[in-house]
Structures are given as C-alpha cells and as structure tokens.
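Undergrad: Give me a model of this one.
(chains A and B)
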Amino acid sequence: MKIAAVSVRGKDHQHSGLPCQDYSLARTSSDGAWSIVVIADGAGSAKYSDYGAEYSVKAFADTLDQIACNLADRPPGSWLTDEVIRATLAIRDHYRDRLGEGDIGQYASTMLGALVGTTGGFVLHIGDGAAVGSVTRNGRSSIEVLSKPENGEYANETYFVTSTDWLKRLRITPLPDVDWIVLGTDGGTALMLADEKSVKSGFVDPFVRRVSGIQSADLEQEIRTILSDDKADRLTGDDKTLAIAWKRAHFSVETAARVSPQREIAADGEVTKSQSLPSVNRNTAERSEESFIADELEEHSNSSSSWLMVALLLAFVIAIFAVVAAVIYRHDLISSFGGNNSSERREIPASSSAPERAPVSPPAQLKNTPVEKSAESTNEVREAAVLGGEKPRERR
Amino acid sequence: MTEIDYSGNPNQRTPCVLVLDASGSMDAKTSSGKTRIQELNEGIQALKAELQADDTALVRVMLSIVIVGGPTNDAEVLMDWTDATQFQPFPLRADGTTPLGKGLTIGLELIEEAKADLRANGVSHTRPWMIVISDGDPTDSGDAWQNAVLECQSAEAQRKVEIFSIGVDGANLTTLGRISQKPALSIQSVKFRELFVWLSASLSAASRSRPGDTVSLPSTDPWRNVGI
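TA: Residues are numbered from 1 along each chain as shown, chains lettered A, B, ... in the order given. Below is the predicted model:
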C-alpha cells in the first residue's frame, strides 16, 4: 500500500531563522501488514521542540510497529491503549533524563499517529492537527474528520505530549472502514479543514486524486510541491505537514464491479484494457491506466499472488516439456490411436518403431515440423497462462 | 482533474479593544507642543499604518474603541468591532470627566460579544486584549469603579482577556494597576506613537502566534520616562 509523509518549513520560520518544527514519518510495519504514519508539531517557542517532534514521532512509530506485531496474535483491546500510554510515559522520561532538571515543556510537541491495516486500525492524538479519511458506510463513502484538532479556547494554544494534563488530552480513536486517511499538523489543517469538524473537500478531494496517480517513488516530491505552493503560504506561514496512507487500492468495491474484466491480448502478449474505466464520481481516488498497471505489477511483487506467478511459471515449464515430449513421441501416439492419415507423416526409421525405447534426439527428417507445431502450442499455452494470471483479483 | 482549492479559509482572529481616556485633562499641552489628545490621535493613526503594512495582521486583527469622557462626558462604544482592513480612526476630542469604570465594563462586554460571534461563525481566535489608556483618576460615582476592577481581575484570572493598563503623564499607576495582574505601564504622552507601533507589532505577533509561542509583553522599563 502506498504511504507518504512530508513536512515543509513555513514562511514564518524561514524569516525568523527557526528550523522546521514539524516532523513526520511513514512506513510499513515489520511484518508488512500495516501502514504506520506519525506526525508532530513542535511548540513555537519551546527551545528543543524540533528535537521533541522528531524523537516522539520515531518513538511512537516504533510503538505502533510493536502493536502491529502483537495484533497478529491477539485481538485489539485495552492492552493497546495501555501500550500507547506506556510509550508516552517513556518519551516524557527520556526528556527528563536529557534535561536533568528543568521543564520538559522545552521539548513540547503535539502528536498525531495512525496504524492502518486491512482489518482496521486506530488514530492516537494529542493536541491540534487532524486526521481525515474517506469513510465507507453502506456502500457510500464520504470524507470525514476522524480525529479533530484540540486547541482549547484559543487559536494559539493547544496541548502537548509534555503537558501536565496530557493523559486527559490523549485521544485514541479506532478507525471506521476507510479507503485512505490523511493526517495534517495545524499547518496542514489550514489547507484541508474548513473548521474543526468539516473537511474542505475543495482541497482534500483533488489532493488525494492527484497523489493517487503518482508512483510511490515520486509521491513525496508531489506532496512537497503541493505544500510549497505560494497559495499554501498565503493561507498560513506555519510549518506544514501532510501524510497519507491508503488502506485499499484505488477503486471502491462498487467501482470495481463496474469495470469489465475483459481484456484484449495483443499478439505479443501485452495486456490492454478493452474499455476505458468509468469515471469515479465519489471521493475515492481516480487514477490513470498506466499508473494502475504499474502499481498492479508493483503489488504483484509485494503480494502473496507472487506464489500464483511461481505456480503458473512451473505449469508453463511443465507444459512446454509435455508438448516437446509429445512431439518427439508423436508417431507413437498417432499409431496408438490407429491413424495413418497425417500428410505430415514421415518415414519412420525401423529402429524407432519399437514401443519402448530411450528418448533420443529426433531423426533429421522430423526436425522442421516439431518446431512449427511446438511454436503454435507454446503460444496457446502462454495465452492460457496469461489469461489465467490476469483474472481480475479482489481489490484490497 | 479538478484543481486543488487553496482558498476560502477564515483566518483566525486577534481581537483588541482600546479603552481611551478623552477627558478634559487630555487637552493639556505636552513637551512637544501638541496636546495629549493630539498625540493620542497620531498614535492611533500610526497603529493603523503599521497594521496595514503587515499582510497577516491585516486579515487577523480586529479592533474596537471605547471612549471614556469626551464630548458626551460618558463612556460608550466609539467604534464597534472592525477588521483591521477596514479600520478608519477619526480624531478624538477631549472634554469632560473620566468614567473609566464604566468604560472598562463596556470593554469587557465587547470582548464577550466578539468571542460569541466568532464562535458562532466557527472562526478561531487568540486571547483578546484590552488596552486601557488614562491620564488621570477615574471619576465614576458609587461602586462603578470598584465593580469594574473586580470584573477585570476576575476576567483576566479566568483567562478570558489579557489586560494592559497604561498611565500617561503622571496618572495614578497604583489605581490603574489594579485592573490587571501586570503592573500599569507609565509612558509620556509624547511616546504615544511608539506605544502604538509596539502595539501593532505585538498584535501582529499575537495574530501569527502558534501554540506554545509566548508573546512578549511590554516591559516596565523605568527608563521609559526619561527623555525629552
């Protein structure tokens, strides 16, 4: 599944010479089954908040990874919440250790992280910034705020990992059925939220569609371009972070059913679609054909259908051997069926008429025809293999 | 493919109410030759100019003015909440007494109205400020002054508002200082322009401030009084 997280320094910090105080990270869990995205926004005047943002993001990412591995053996439960609390305590202790004495508020940063998998997931959140996602209910999907910003009463206040009342401000929210989620720090939410409860679909929808069409390798650069746009700077001079994780490939269940599985096989075996894809009029992502195929191939190498490919390859090889063997022993097969009518029948050397003999290279007279015949048969076999391999798969 | 829409977000607001003394004593001449009220008017013009030179502050700062004294010899709203983009100050005239207590009460009411309005429209805001400028003692009758002081102290303690009290040219700083946790500032009226330039810069910083930023408050530098 594609994931990406990008932070860019805002105009305000560029002018004041402060570093980017946002930090973000996106990766797959160690067992490959979950997506992990974690972002943080360091408090403006806190001396070490850029360190705090980076440290806490990495620490929470490791915790989410451990939780992911645990989820392979046990269902989610209160143990999961406790893990998150334990991780936060450990981070706060780390800051205390570094300081000796002094206020850990110097490392203050908000926290927003998500674990996303095919069977569910959750968001952990302290402070502002927000998580939004394309939520599917009863076959319909809409973009919703999954975890909203918490600023307290004033826009220039919020809660941090280092706040005294962090535990009351920690929110852990299980994910509903989502196609994708986007996380943003408050620089990001300036772009994607109309207010704390509603999404600005004029930004989020085109944003997701645009990045859906991008190869994984170029995804970060694309997001960086979007965040660095002058128009984004005019909205806010703050540091900006956006992170995205897809739970499933880019077609909803409903759309996949509308796409015909018929494909045309060109003479050289290349696959082309026999009809163009219907336009997606919902909030799920829409992609170009080329990137779809490219990503399908990419998923091939990553997914368990690589086993299918190995099996097909073996079948193909066996089939080739079978065909070659059948051609070599063709005259035996034909005579066993009692037919002598083939015009292509050659003179059988007396030595080869015995029913049991060790396989030898065919007599010179037979050399041409086997090649022709096996070429045809090979094409048939290959087509069958390709057809079999390209059956429409369940979209994950 | 639809273009990404970067527009249309309501900017967070930084509300600030000015409670200004326009009593008769503001007609006194200062060392510059101008009257206190003239210096005050010029200061307010400077505030407008500074704000309009700052793109971010321009769309975020909102101002209102309560006049204390003046031709009506009362305390009343001179200018209701106005975005900085539309701020058009007109000159104050000095006259009458100083019903400062009433002026403060009106100021606090204005702030609550602004917050309710912003909340109703889903617009976030920084903590509102109230700037109080006076050159003399309050002349409210009865308990108006006492009640106002208690209201101010309570509002600030509940973090509803940030109050800055500024005493001009020998005003009673102890009295003025009671309305806020911070001690009253003392300035010479010739320095109104500087004060308002500082105010604009502070409002600008507040309008940009992110969670965790501390906005620097005016210092109580005793040397502020020195200089001619």
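
Undergrad: Would you mind measuring from the closest residue to chain B within the stretch 1-150 of chain A to residue A:105?
TA: Residue nearest to chain B within the stretch 1-150 of chain A: residue A:43 (2.5 Å; CB to the nearest CB). In this view, the C-beta of every residue, glycine as well, is placed from N, C-alpha and C. The spacing between residue A:43 and residue A:105, counted by CB to CB, to the nearest Å, is 8 Å.

Undergrad: didn't residue B:78 look like it was pressed against residue B:65?
TA: Yes - with contact defined as CB atoms under 8 Å, residue B:78 and residue B:65 form a contacting pair (4.4 Å).

Undergrad: The two - which one has more neighbours?
TA: Between residue B:78 and residue B:65, counted using other CB atoms under 10 Å in any protein chain shown, the more crowded position is residue B:65 (23 against 18).

Undergrad: can you pull the contacts of that one?
TA: Residues near residue B:65 by CB atoms under 8 Å, 6 or more residues apart in numbering or on different chains: B:17, B:18, B:20, B:77, B:78, B:79, B:89.

Undergrad: one step back: touching both of residue B:78 and residue B:65, which residues are there?
TA: In terms of CB under 8 Å, 6+ apart, residue B:78 and residue B:65 are both contacted by the residues residue B:20.

Undergrad: Confirm that residue B:26 lies within a helix, as I assumed.
TA: Yes - counting by DSSP: H, G, I helix; E, B strand; the rest coil, residue B:26 is found in a helix.

Undergrad: burial measure for it, as a count.
TA: Taking other CB under 10 Å as the criterion, the count of residues near residue B:26 is 30.

Undergrad: Scan chain B for its longest helix.
TA: Of all segments of type helix in chain B, defined using DSSP state H, the longest is helix B:100-120.

Undergrad: Any part of it near chain A?
TA: No - residues of helix B:100-120 are not located near chain A by CB under 8 Å from any CB of the partner chain, the shortest gap being 8.6 Å.

Undergrad: Name the surrounding residues that touch that helix.
TA: Outside of helix B:100-120, the residues within contact range by CB under 8 Å, 6+ apart are B:13, B:15, B:17, B:19, B:21, B:62, B:64, B:66-68, B:74-77, B:80-81, B:124-125, B:128, B:130, B:132, B:134, B:138-140, B:144-149, B:151-152, B:155, B:160-161, B:179.

Undergrad: tell me, which of the residues you listed make contact with chain A?
TA: Restricting the contacts of helix B:100-120 to those within reach of chain A (CB under 8 Å from any CB) leaves B:13, B:124, B:125.

Undergrad: Please identify which of those is nearest to residue A:238.
TA: residue B:124 (13.1 Å; CB to CB).

Undergrad: Quick check: chain neighbours aside, which residue is closest to the closest one?
TA: Spatial nearest neighbour of residue B:124, excluding adjacent residues (CB to CB, 6 or more residues apart in numbering or on different chains): residue A:155 at 3.8 Å.

Undergrad: By mean pLDDT, flag the weakest helix or strand of chain A.
TA: Scoring the helices and strands of chain A by mean pLDDT, DSSP states H and E places helix A:253-258 at the bottom, with a mean of 36.
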